[in-house]
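*Asks:* this is a predicted model, with the sequence first.
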Amino acid sequence: MHTLARRYIQTGIGFLGIGLVLGIYMLIRREIGGTWPHPYLVSAHTHAVFLGFVMFMILGVALWIFPRPAKDDTRYKPGVAQVVYWLLLTGTLARFVSEVAKAWSSEAWLGWVILLSGLAQALGLVLFFWNMRSRIRPVGSQAREAKGERF
């Protein structure tokens, strides 16, 4: 497994950790304190677990197991995969922190941070799959299908 795939997966595990901590905090407040979690805390928890953990894991595994780019492939660019990592990391982390802060603050600028970080997340996901499109191809299966093998 190469470094970038490992970085995606390790980052996903980190986001799982912060998502679990926030989830436990909200659970304790709800069950012991009788206080339903603030919608911004629920959103922060959801983004940490679903985008931070699940998507980083999916993207890291995709980088690892999808066929390598063909030798003559000029469409896949490893540098774009690096940019995507930083867009998703900063976008997801900024969104998590700003949504947690927004639960206790009414500062208008936090809404802009939430919006811009959400856009960074969306851009990162679109760029990832745009960059990976040439790696989503049959490798070996065409030959097996030509021999009549069915999957």
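*Replies:* Yep, it's here. Quick caveat: nothing in here was measured; it's all calculated off a predicted structure.

*Asks:* hmm, Glu99 is touching Tyr40, no?
*Replies:* Yes: judged on CB atoms under 8 Å, Glu99 makes contact with Tyr40 at a distance of 4.6 Å. Bear in mind the C-beta positions are built from the backbone N, C-alpha and C, glycine included.

*Asks:* mind listing what Ile58 touches?
*Replies:* Residues counted as contacts of Ile58 (CB atoms under 8 Å, 6 or more residues apart in numbering): none.

*Asks:* distance-wise, check it relative to Val100.
*Replies:* 24 Å (CB to CB, to the nearest Å).

*Asks:* name the nearest residue to Arg95, sequence neighbours excluded.
*Replies:* Closest residue to Arg95 apart from its sequence neighbours, by CB to CB, 6 or more residues apart in numbering: Ser117 at 3.9 Å.

*Asks:* the one you found contacts Leu88, correct?
*Replies:* No: assessed by CB under 8 Å, Ser117 is found out of contact with Leu88, at 10.2 Å.

*Asks:* hmm, back to that, now for the residue nearest to Arg95: which residues touch it?
*Replies:* 90-92, 94-95, 98.

*Asks:* ranges for the helices of this structure?
*Replies:* With DSSP state H as the criterion, the chain has helices at 3-31, 39-46, 56-65, 78-102, 108-132, 141-146.
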